[in-house]
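> How does the following fold in three dimensions:
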Amino acid sequence: MADPGSLPGPRWLHVSVGLLLLVPVAYTLWSVHAYFGVERALGGDHFREKYRHMPLVKQGAFRYSSNAMYTFAFLLFWAIGLLFGSAAALAGALFQHAYVWVHYYCTEAPDLAVIYDSPEKWNADDADDKNRDADER
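Next comes the predicted model:
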């Protein structure tokens, strides 16, 4: 760590918030393992045919965000910065979190739209919602 202890403010607050941020990180990593799979999380659905026929995951952390990896797992970098009280680490976390969202919107989102926008790939819950919406029109 380049500058541990450089963050102004009470140390107990940094540590408390850092530990609190580890909760959604741990839940997301558990959700990836339980519902998604590491290979798929590392981009398998973009490159391997067997994943392209699977529905989007809507369980675990993915119930709260369709992109739980970028929303919650990247909080790990913020937690590290806070736990070490490092202003430089928090600046790095800000850059990494912003950069991964730019990557998502410019690279992954268009690809995911092609992969998952067909009705046969919807999760059963999604299909019921879409059918209900169509019936209401």
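
> Please make it C-alpha for all contacts and neighbour counts, starting now.
OK.

> where does the protein dip in pLDDT?
Residue ranges of the chain with pLDDT under 70: 1, 118-137.

> Check the gap between the residue nearest the centre of the chain and Asp111 for me.
Closest residue to the average C-alpha location of the chain: Met69 at 1.9 Å, with CA atoms, centre = their mean. Distance, Met69 to Asp111, using CA to CA, to the nearest Å: 17 Å.

> what's the neighbour count on Leu83?
Neighbourhood size, Leu83 [other CA atoms under 10 Å]: 21.

> what's near enough to touch it?
His14, Val15, Gly18, Leu19 (CA atoms under 8 Å, 6 or more residues apart in numbering).

> Gly92: which of the residues you listed is nearest?
Gly18 (15.1 Å; CA to CA).

> thinking again about what came up before, what residue, apart from its backbone neighbours, is nearest the residue nearest to the centre of the chain spatially?
Leaving out its chain neighbours, the residue that sits closest to Met69 by CA to CA, 6 or more residues apart in numbering is Thr28, at 6.7 Å.

> can you pull the contacts of the one you found?
Gly60, Ala61, Phe62, Ala68, Met69, Phe72, Ala73.

> SS state for the fifth one?
Right, the one you point to is Met69. helix (DSSP: H, G, I helix; E, B strand; the rest coil).

> and the nearest residue to Arg63 once chain neighbours are set aside, how far is that from Gly85?
Nearest residue to Arg63, sequence neighbours excluded (CA to CA, 6+ apart): Val57, at 7.9 Å. As defined by CA to CA, Val57 lies at a distance of 35 Å from Gly85.

> neighbour count winner among those two?
The residue with more neighbours, out of Val57 and Gly85, is Gly85; 26 against 17, by other CA under 10 Å.
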